[in-house]
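Participant: Structure of the sequence below:
(one chain, ligands or ions: 2)
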Amino acid sequence: MNILVTGGAGYIGSHTCVSLIESGHTVTVMDNLCNSKVETIDKIELITGKKVTFYNIDVTNESEVDRIFSKHDFDAIIHFAGLKSVGESVSKPLDYYYNNLLGTIVVCRVSLKYGVKRFVFSSSATVYGDNESPFVETMKLLPAANPYGETKAMCERILMDMVKANSGYSVTLLRYFNPIGAHESGLIGELPNGIPNNLMPYITQVAKGKLEKLKIFGNDYPTADGTGVRDYIHVMDLAEGHVVAVEKMKDGLQIYNLGTGKGTSVLQLVNVFEEVNGIRVPYEITDRRPGDIAECYADAGKAESELGWKARQTIRDMVRDSWRFEQNL
Ligand code: NAD
Ligand code: WQD
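Facilitator: Ligands and ions are numbered 1, 2, ... in the order given. Okay, the predicted model is just below:
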């Protein structure tokens with residue numbers, strides 16, 4: 001297939017481009033590089049040995065997006081482009097609603113105009129709010145704890161309405177859990193701007209000595225060791241989930257969790273990181289972070305039974321690959 005990947009220079013998008021190309025697809029990337037670097041496109045080409053067509057374009061700019069669609073004959077779109085920092089979304093909610101909602105609406109409108117009938121959307125486990133884990137696709141969604149999460153829930157609703165109104169269209173909402181890890185080459189990985197918000201890049205930067213110590217946000221949660229539990233998934237497993245999802249699209253709306261179904265606590269992740277990589281990660285326990293929930297992990301059964309996809313890589317693989325990437329920076 002000829003696939004448009006918006007946000008393809010970013011963390012999950014770049015790994016997905018590699019998997020798509022290695023599965024025989026042709027990839028065109030549209031990204032405004034607001035949270036990524038153009039060199040990542042060169043790295044995708046280096047890993048795969050294939051050319052990637054790249055456009056430095058903002059997906060909220062409808063005439064520019066239209067211009068690209070008029071030059072290509074896309075079979076499907078995977079829409080990753082969006083802002084994703086939870087904390088920033090609280091201080092700049094309008095930027096998040098503007099970018100994430102408008103970008104999705106524009107890409108949808110242009111895809112309708114050009115008859116591109118397959119649309120895969122990057123959603124998030126955050127749309128489940130503080131439901132009890134494991135999260136199942138059929139659960140009633142609860143309000144997200146921040147504007148970023150609300151943009152994901154709103155985009156889901158926009159896409160549901162668009163697919164209802166346009167027969168013959170296929171929309172797949174993929175709800176990711178916590179992607180970590182990097183491509184085994186160590187060439188591409190997560191490149192956070194400034195001080196990381198997320199746990200894994202914080203751990204690797206502490207291990208490297210860029211940051212002094214990890215702050216573990218609370219050890220009084222009702223979990224086995226009191227620290228927060230999440231469903232960490234290797235970014236290459238996630239990437240392969242996209243390949244399968246786009247190849248197996250059906251008419252109408254599909255929703256899949258992409259997680260492993262297993263929970264890991266902050267302390268467990270730190271301990272495995274130290275053991276596998278033979279390096280210490282100094283930490284201290286601090287207060288809980290506002291908006292965090294105790295546990296978040298997937299019921300991953302639907303993607304396995306309907307798509308035949310299952311995450312394969314272990315926490316040991318994830319911490320090894322994250323650390324390899326950090327060391328190469
Ligand atoms: P990322 O920031 O690394 O990648 C997003 C890419 O989109 C970046 O390259 C950025 O430059 C680009 N972008 C943003 N706004 C744009 C615009 N208006 N026009 C063109 N390009 C634009 O983030 P990621 O971790 O790869 O996440 C990809 C998608 O998955 C996002 O939509 C994110 O919300 C979603 N998601 C991420 C996670 C996670 O933990 N990383 C979890 C669930 C969902
Ligand atoms: C993981 C665990 C923290 C940092 C976020 C978004 C979610 C999704 C994925 C996009 C939690 C603890 C963290 C630190 C810590 N993104 N922690 N010290 O919050 O589960 O999910 O990213 O859709 O929407 O909310 O991920 O990596 O920030 O935190 O103790 O310095 O690590 O409390 O238990 P989170 P995270």
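
Participant: Where does the stretch 101-250 of the chain get nearest to ligand 2, residue-wise?
Facilitator: Gly228 (2.3 Å; CB to the nearest ligand atom). (Each C-beta comes from the backbone N, C-alpha and C, glycine too.)

Participant: what about that residue, how many neighbours?
Facilitator: Using other CB atoms under 10 Å, the number of residues around Gly228 comes to 24.

Participant: Kindly list the longest helix within the protein.
Facilitator: Ranked by residue count, the top helix of the chain under DSSP state H comes out as helix 147-165.

Participant: Now do that helix, average pLDDT.
Facilitator: Averaging pLDDT along helix 147-165 gives 97.

Participant: now stretch 183-192
Facilitator: In the prediction, stretch 183-192 has an average pLDDT of 96.

Participant: same question, stretch 113-129
Facilitator: Rounded mean pLDDT across stretch 113-129 is 97.

Participant: quick one: that stretch near ligand 1?
Facilitator: Yes. Residues of stretch 113-129 contacting ligand 1 under CB under 6 Å from any ligand atom: 122, 124.

Participant: For that stretch, what is the distance to the chain centroid?
Facilitator: 12 Å (CA atoms, centre = their mean, to the nearest Å).

Participant: What would that stretch look like as CSV? C-alpha coordinates only.
Facilitator: Taking Å, rounded to 0.1, in the frame of the first residue of the first chain, the C-alpha atoms of stretch 113-129 are listed here in CSV:
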residue,chain,number,x,y,z
LYS,A,113,-12.1,14.8,-0.9
TYR,A,114,-9.6,12.4,-2.5
GLY,A,115,-11.4,9.2,-1.6
VAL,A,116,-8.7,7.8,0.7
LYS,A,117,-10.9,5.4,2.6
ARG,A,118,-8.6,4.0,5.3
PHE,A,119,-7.7,6.1,8.4
VAL,A,120,-5.8,4.9,11.4
PHE,A,121,-5.8,7.2,14.4
SER,A,122,-3.3,7.4,17.3
SER,A,123,-5.5,7.3,20.4
SER,A,124,-4.4,6.7,24.0
ALA,A,125,-5.3,4.6,27.0
THR,A,126,-5.9,8.0,28.6
VAL,A,127,-9.4,8.0,27.2
TYR,A,128,-10.4,5.4,29.7
GLY,A,129,-9.9,8.0,32.5
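
Participant: check whether that stretch contacts ligand 2.
Facilitator: Yes. Using CB under 6 Å from any ligand atom, stretch 113-129 reaches ligand 2 at 124, 126.

Participant: how many other residues sit next to the residue lying closest to Leu102 once chain neighbours are set aside?
Facilitator: Spatial nearest neighbour of Leu102, excluding adjacent residues (CB to CB, 6 or more residues apart in numbering): Thr60 at 4.4 Å. Residues within reach of Thr60, counting by other CB under 10 Å, total 19.

Participant: Wait, Thr60 touches Arg109, no?
Facilitator: No. Using CB atoms under 8 Å as the test, Thr60 is too far from Arg109 to be in contact (11.4 Å).

Participant: What segments of the stretch 1-150 of the chain are strands?
Facilitator: Shown for the stretch 1-150 of the chain, the strands assigned by DSSP state E, counting those that start in this stretch span residues 2-6, 26-31, 53-56, 76-79, 118-124.

Participant: Do me a favour and average the pLDDT over the fourth one.
Facilitator: Averaged across strand 76-79, the pLDDT comes to 98.

Participant: Show me what it pairs with in its sheet, parallel or antiparallel.
Facilitator: Applying DSSP bridges, strand 76-79 is found paired with strand 2-6 (parallel), strand 118-124 (parallel).
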